[in-house]
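**Q** Below are the sequence and a predicted model; questions follow.
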Amino acid sequence: MRQKTDFAVWIKGIVVQVGFVIAAIYIFYTSSSEWAAREHWGVLSTYTLLTIFSCFAPVRISNTILTVNNAVIFSGILLYGVWVGVWAAVIESLIIAFLVRFNPLKAIINIGQLLMTIWTVAFLKDWIEGFGTVSPIISDLFLAVVYWFVNLTLCGLGISYFHQMTWARTVKMMAKGFTSTYLLLLILAGVGSRLVELYGPLTLIPMMIAFITISYVFHHYYDNLQRLQQKVEEVKSFNHNFLTTMAASIDARDRYTSGHSQRVAYWGREIARDIGLAERKVEDVYIGGILHDIGKIGIEDEILNKKGKLTPEEYDKIKQHTVIGYEIILQAGMFNELLPAIRSHHERIDGRGYPDGLAGDEIPLMARILAISDAFDAMVADRPYRKGLPVEEALQEIKRGSGTQFDPILAEHFIRIVQRLPCDELQSIIGIESIPQKQLQEAIR
């Protein structure tokens, strides 16, 4: 698998560092014969000014800055052909290269991916015009989509190589960030090109006003959206800190179970990862483990810290912590996805658990995961009335409870997780008493 990955990276490097550069040189050379600068100096001058203006008049969308250069390039292709697009693309790439830290190789690679996009669109434009029956509106829309797709794909290939990411993931992230706005700018460029064809260059003035207006509207819209998101994050941060502080206070109240919630969260996360849950679900399981005993805040200290055996009445009160915790989180109006972990982590596969007597798949997956990690930590931890069980013995208990108390598939995963850990690392995890606040905050974001 490693060899396949290295080979794929090597191939990607050849394509980006050699293929893009050769394409840039070839397309620049073949299109230069069409420039005829003396005859078209006005066009070249106009597109030079438009390109410079575009570099310094970006459209802001969310956390992304999107220049309108591609719209300028696209309009040049529609009006005059590949040579104007190439001219504008080269100027843009050189300006950007000098605005940031100059890297000749990356600059040429960037030019290469732009020129390949331009060449593709120009080729398809000539091919469509050869039919003579396609509506300019349909043709421009099609070419705008082609421009977006080719540029996104090639740009994503370059970025994925230099940042050591997968191509698919890079393209997906880029497309998710600014697809609609990017296409809107290209479509507006197509409309502007047709207006220039019909009414002359003066129509560029209202088009530039339209671009400036779009930039202004997007700027203020995303500024307001960012401020709103900041307020939401502040509220979420307050709730996170409040709930995690309450969870930590539970462990602090019970001097015999210090760090229990953190260890349950750790093992729950390992099980979730081992069975292949998505990272977001893994994080939910982790925070569910942190908060699973939060309901113990409503249990009297005399019962919680009792050294001897609990009476049936006291045990009934202890069992209420699942419902109390459920109500706390429910009333908080946050973390609804964690409610199953808090209410149902003491349910059993055979239906003899509490508080609802759920059985089998009626028990939410998160609760079935945490039931195992909770029981394991309870068995290996020391208590005032007994010494913690050896790890192997605790695993045997998990195995014996498989299919009755615990989900058999999850129990099998958990046993393998523990058995493949080195002894010193395992003992270090069992001895965890707290998790740094920074790590906890990163997990719940």
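**A** Structure's in. What do you need? Since the structure is predicted, the reported quantities are computational estimates derived from the model, not experimental observations. Numbers count the residues shown, from 1 in each chain.
**Q** Run through who's touching stretch 327-341.
**A** Around stretch 327-341, the neighbours that count as contacts under C-beta atoms under 8 Å, 6 or more residues apart in numbering are 236, 239, 243, 246, 284-285, 287-289, 291-292, 294-295, 297, 326, 342, 364, 366-367, 370. Backbone N, C-alpha and C define where each C-beta goes, glycine included.
**Q** Would you mind putting the CA coordinates of that stretch into CSV?
**A** What follows is stretch 327-341, C-alpha atoms only, in CSV (Å, rounded to 0.1, in the frame of the first residue of the first chain):
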residue,chain,number,x,y,z
GLU,A,327,-32.5,15.9,31.7
ILE,A,328,-29.6,18.3,32.2
ILE,A,329,-28.4,18.0,28.6
LEU,A,330,-31.9,18.1,27.3
GLN,A,331,-32.6,21.4,29.2
ALA,A,332,-29.3,22.8,28.1
GLY,A,333,-30.6,22.6,24.5
MET,A,334,-27.2,21.5,23.2
PHE,A,335,-25.5,18.2,22.5
ASN,A,336,-28.7,16.5,21.6
GLU,A,337,-26.6,13.9,19.7
LEU,A,338,-25.1,12.9,23.1
LEU,A,339,-28.4,12.1,24.8
PRO,A,340,-28.2,8.4,24.0
ALA,A,341,-24.8,8.1,25.6
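**Q** May I see the buried residues of that stretch?
**A** For stretch 327-341, the neighbour count (16 or more other C-beta atoms under 10 Å) marks 328-329, 334-335, 337-341 as buried.
**Q** Just put those residues in CSV and tack on pLDDT.
**A** Formatted as CSV, the buried residues of stretch 327-341 follow (pLDDT from 0 to 100):
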residue, pLDDT
I328, 86
I329, 84
M334, 71
F335, 76
E337, 85
L338, 86
L339, 89
P340, 86
A341, 86
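**Q** From the residues you listed, pick the one nearest Y216.
**A** Distance to Y216, by C-beta to C-beta, is smallest for M334 among the buried residues of stretch 327-341, at 36.3 Å.
**Q** and I111, what helix or strand is that in?
**A** helix 104-129 (DSSP states H and E).
**Q** orientation of the next helix or strand after that helix relative to helix 104-129 in degrees?
**A** Moving toward the C-terminus from helix 104-129, the next helix or strand (DSSP H and E) is helix 136-162. Relative orientation of helix 136-162 versus helix 104-129 (axes from the mean of the first three to the mean of the last three C-alpha atoms, to 10 degrees): 160 degrees.
**Q** average pLDDT across helix 136-162?
**A** Averaged across helix 136-162, pLDDT comes to 87.
**Q** Tell me the gap between it and the middle of its chain.
**A** 22 Å (C-alpha atoms, centre = their mean, to the nearest Å).
**Q** Show me which parts of the helix or strand following that helix are buried, residue by residue.
**A** Next along the chain after helix 136-162, taking DSSP H and E as the criterion, comes helix 167-199. By neighbour count on 16+ other C-beta under 10 Å, the buried set for helix 167-199 is 167, 170-171, 174, 178, 181-183, 185-190, 192-194, 196.
**Q** before we move on, back to that, which among the buried residues of stretch 327-341 gets closest to R273?
**A** A341 (16.1 Å).
**Q** still on that earlier bit, ok, and for the helix holding I111, which residues are buried?
**A** 106-122, 124-125, 128.
**Q** Would you confirm that L395 contacts L421?
**A** No: judged on C-beta atoms under 8 Å, L395 makes no contact with L421 at a distance of 11.5 Å.
**Q** what about those two, which has more around it?
**A** A count of neighbours by other C-beta atoms under 10 Å puts L395 above the other of L395 and L421, at 19 against 14.
**Q** Excluding sequence neighbours, find me the nearest residue to the more buried one.
**A** Spatial nearest neighbour of L395, chain neighbours left out: I415 (5.3 Å); criterion: C-beta to C-beta, 6 or more residues apart in numbering.
**Q** helices or strands up against whichever strand or helix holds that neighbour?
**A** Here I415 sits within helix 408-419, counting by DSSP H and E. Where contact means 3 or more C-beta pairs under 8 Å, 6 or more residues apart in numbering; DSSP states H and E, helix 408-419 is packed against helix 260-274, helix 365-380, helix 391-400.
**Q** In the stretch 1-150 of the chain, where is pLDDT below threshold?
**A** Within the stretch 1-150 of the chain, the stretches with pLDDT under 70 are 1-7, 34-40, 57-67, 100-102.
**Q** One more pass at 90, please.
**A** 1-21, 23-115, 126, 129-141, 148-150 (pLDDT under 90).
**Q** Check the gap between the spatially most central residue of the chain and I159 for me.
**A** Residue closest to the mean C-alpha point of the chain, counted by C-alpha atoms, centre = their mean, is M173 at 7.8 Å. Using C-beta to C-beta, to the nearest Å, one gets 9 Å for the distance from M173 to I159.
**Q** Name the residues contacting each of the two.
**A** Counting by C-beta under 8 Å, 6+ apart, nothing touches both M173 and I159.
**Q** are any of the contacts of stretch 327-341 buried, and which?
**A** 243, 246, 284-285, 287-289, 291-292, 294-295, 297, 326, 342, 364, 366-367, 370.
**Q** Which residue ranges make up each domain of the protein?
**A** The chain breaks down by automatic domain parsing into domains covering 2-199, 233-444.
**Q** Between the ones you listed, which one is closest to Q226.
**A** domain 2-199 (7.7 Å).
**Q** any idea how far the closest one is from the chain center?
**A** 26 Å.
**Q** just stretch 225-244 next, same as before
**A** The answer for stretch 225-244 is 19 Å, by C-alpha atoms, centre = their mean.
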